[in-house]
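Engineer: would you be able to build a 3D model of this:
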Amino acid sequence: MQSKADQMVAEVTNARTAVLAFCASWCAQCNVQQRAFEQASAVLGDCVRTCWVDVDLYPALVERFAIEAIPTILILRYGLECLRLTGLQPEDALVSHVRALALQAIPGTMPRLRAG
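Structural biologist: Next up, the predicted model:
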């Protein structure tokens with residue numbers, strides 16, 4: 001049986017675009033970040049997988065993603081880290097970053113053209 005942490009990793013690595021927010025309940029900045037994160041999640045909708053990660057509950061994820069400060073937000077494309085934001089991020093900035101990255105091609109996914 002998979003742990004909750006393993007399930008979260010599987011979900012975000014299988015998603016086209018995922019946003020992970022690493023925070024803690026005792027962190028004042030994280031409480032502010034949570035509101036902005038929830039608003040950004042609502043704007044982005046179902047096309048982006050969002051996940052709120054409490055660093056005290058999921059230390060294995062903190063280690064796996066090498067989180068050194070909170071709040072930290074990771075934006076992943078197909079499981080690959082594309083952007084790491086540390087510190088408080090406003091909702092509009094989160095939405096802008098995710099939308100900009102969602103439009104970028106993933107290295108190795110573009111078709112190769114042969115000279116004819």
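
Engineer: what number of residues lie near Ala60?
Structural biologist: When neighbours are defined as other Cβ atoms under 10 Å, Ala60 has 13 of them. Backbone N, C-alpha and C define where each C-beta goes, glycine included.

Engineer: can you give me the offset of the strand or helix carrying it from its chain's centre?
Structural biologist: Using DSSP states H and E, the element containing Ala60 is helix 59-64. How far helix 59-64 lies from its chain's middle: 14 Å, per Cα atoms, centre = their mean, to the nearest Å.

Engineer: which elements pack onto it?
Structural biologist: Judged by 3 or more Cβ pairs under 8 Å, 6 or more residues apart in numbering; DSSP states H and E, helix 59-64 is in contact with helix 4-14, strand 17-23.

Engineer: hmm, try it at 7 Å
Structural biologist: For helix 59-64, the elements it packs on are helix 4-14, judged by 3 or more Cβ pairs under 7 Å, 6 or more residues apart in numbering; DSSP states H and E.

Engineer: CA atoms of the helix it packs on as PDB?
Structural biologist: Taking Å, rounded to 0.1, in the frame of the first residue of the first chain, the C-alpha atoms of helix 4-14 are listed here in PDB:
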ATOM      1  CA  LYS A   4       0.100   9.400   1.300                       C
ATOM      2  CA  ALA A   5       3.400  11.100   0.300                       C
ATOM      3  CA  ASP A   6       3.900   8.500  -2.400                       C
ATOM      4  CA  GLN A   7       0.400   9.000  -3.700                       C
ATOM      5  CA  MET A   8       1.000  12.800  -3.900                       C
ATOM      6  CA  VAL A   9       4.200  12.300  -5.800                       C
ATOM      7  CA  ALA A  10       2.500   9.900  -8.200                       C
ATOM      8  CA  GLU A  11      -0.300  12.400  -8.800                       C
ATOM      9  CA  VAL A  12       2.000  15.400  -9.500                       C
ATOM     10  CA  THR A  13       4.500  13.400 -11.600                       C
ATOM     11  CA  ASN A  14       1.700  12.200 -13.800                       C
END
